[in-house]
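[1] Prediction below, plus the sequence it came from.
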Amino acid sequence: MRKNIKDTTFFGYQTVSKEEKNHLVTEVFNSVASKYDLMNNIMSFGLHHVWKRLAVQCSGVRPGQYVLDLAGGTGDLTEQFSYLVGETGVVILADINSSMLKIGRDKLRNKGIISNVLFIQTNAEVLPFPDNIFDCISIGFGLRNITEIHQALTSMLRVLKIGGRLLVLEFSTPQCVILSKIFNFYSFQVLPQLGSIFAQDSQSYRYLAESIHIHPDQETLKHLMTDIGFCNTTYQNIMGGVVALHRGFKF
Ligand SMILES: C[S@@+](CC[C@H](N)C(=O)[O-])C[C@H]1O[C@@H](n2cnc3c(N)ncnc32)[C@H](O)[C@@H]1O
């Protein structure tokens, strides 16, 4: 039977049903969870910590506030936010994948971060929170993996407080041809090899490269956020656009 185009989406370069994509993304993160932090450090030469710190610095989060770290995985952003909100605030680390959540929970508990962090397994497309409760929502390297991006961003807007902000940290489109060529070579030729050597899994890292390549560029994501209802939407290129930090407010 022919697939209805509305029921299909992309998993990397493959066209799959939406249901299949959810299943394949779950398999990827089940497979990489135990080596996720190690691989991030190797693949980015530790730079992902710098990108995440920059995102947190741009968040404007203050003591006592409520933060949602969506697709939070192993909790790097959650950790930084937990220091900012302090004992009177709350950070919720939410992720669809139980393996990633477990690694994140164990890591944060080992660091003694427990009192102001909650862990929730949920799909970003249908957030199980009341309207207008978060001062800030972050989604770091997660948006690209979500099947219904429009639905997920709409859900984020609903649960943000008036005056609250969304931060989207994601791989993006390098802004010069030479950098783009280097980045493409690195992501398609080197990353799968690194995955094979250090995690015995080249497939997941091939998906990583493909999903980065088909993710909307900076302007497209900015317009999507604006169309959905985010205000004052801006972005900042990091490393020439290899990564971008988008910000949008709810007014
Ligand atoms: C590349 S990891 C990013 C983890 C973390 N934010 C970081 O920056 O290190 C992507 C995360 O998105 C999660 N994810 C994928 N689809 C999701 C969805 N629909 N809802 C919530 N989380 C999702 C995955 O389980 C995974 O933990």
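    The structure has been received and is ready for your questions.
[2] so what's the residue in the stretch 51-200 of the chain that the ligand sits nearest to up against?
    The minimum distance from the stretch 51-200 of the chain to the ligand, using Cβ to the nearest ligand atom, falls at residue 73 (2.6 Å). For the C-beta atoms, the positions are set from N, CA and C on the backbone; glycine is no exception. Residues in contact with residue 73 (Cβ atoms under 8 Å, 6 or more residues apart in numbering) are 29, 36, 95, 97, 100, 101, 103, 104, 140, 141, 142.
[3] Ok, residue 132 next?
    Residue 132 touches 158, 159, 160, 161, 162, 164, counting by Cβ under 8 Å, 6+ apart.
[4] ok so, going back, of the contacts of residue 73, grab the buried ones for ChimeraX.
    Buried residues within the contacts of residue 73, by 16 or more other Cβ atoms under 10 Å, are selected in ChimeraX with:
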select :29,36,95,97,100,101,103,104,140,141,142
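[5] Which of the contacts of residue 73 fall in strands?
    95, 140 (DSSP state E).
[6] Buried residues of stretch 43-56, list them for me.
    43, 48, 51, 52, 55, 56.
[7] Just the C-alphas of the host helix or strand of the fourth one, formatted as PDB.
    Right, residue 52. Element membership of residue 52 [criterion: DSSP states H and E] is helix 47-57. Extracted in PDB, the C-alpha atoms of helix 47-57 (Å, rounded to 0.1, in the frame of the first residue of the first chain):
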ATOM      1  CA  LEU A  47      33.300  22.100  22.800                       C
ATOM      2  CA  HIS A  48      29.700  21.000  23.500                       C
ATOM      3  CA  HIS A  49      30.300  22.100  27.100                       C
ATOM      4  CA  VAL A  50      31.200  25.600  25.900                       C
ATOM      5  CA  TRP A  51      28.100  25.800  23.600                       C
ATOM      6  CA  LYS A  52      25.900  24.700  26.500                       C
ATOM      7  CA  ARG A  53      27.400  27.200  28.900                       C
ATOM      8  CA  LEU A  54      26.800  29.900  26.400                       C
ATOM      9  CA  ALA A  55      23.100  28.900  26.100                       C
ATOM     10  CA  VAL A  56      22.700  28.900  29.900                       C
ATOM     11  CA  GLN A  57      24.400  32.300  30.100                       C
END
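[8] What values do phi and psi take at residue 148?
    phi -110, psi 80 (degrees, to the nearest 10).
[9] wait, doesn't it sit right on residue 126?
    No. Between residue 148 and residue 126 there is no contact under Cβ atoms under 8 Å: 9.2 Å.
[10] Distance of the nearest residue to residue 236 once chain neighbours are set aside relative to residue 81?
    Leaving aside its sequence neighbours, residue 236 sits nearest to residue 245 (Cβ to Cβ, 6 or more residues apart in numbering; 4.8 Å). To residue 81, residue 245 is 15 Å away according to Cβ to Cβ, to the nearest Å.
[11] Equivalent analysis for residue 45, please.
    On the measure of Cβ to Cβ, residue 45 and residue 81 end up 24 Å apart.
[12] same check, this time on residue 187
    Counting by Cβ to Cβ, the gap from residue 187 to residue 81 is 28 Å.
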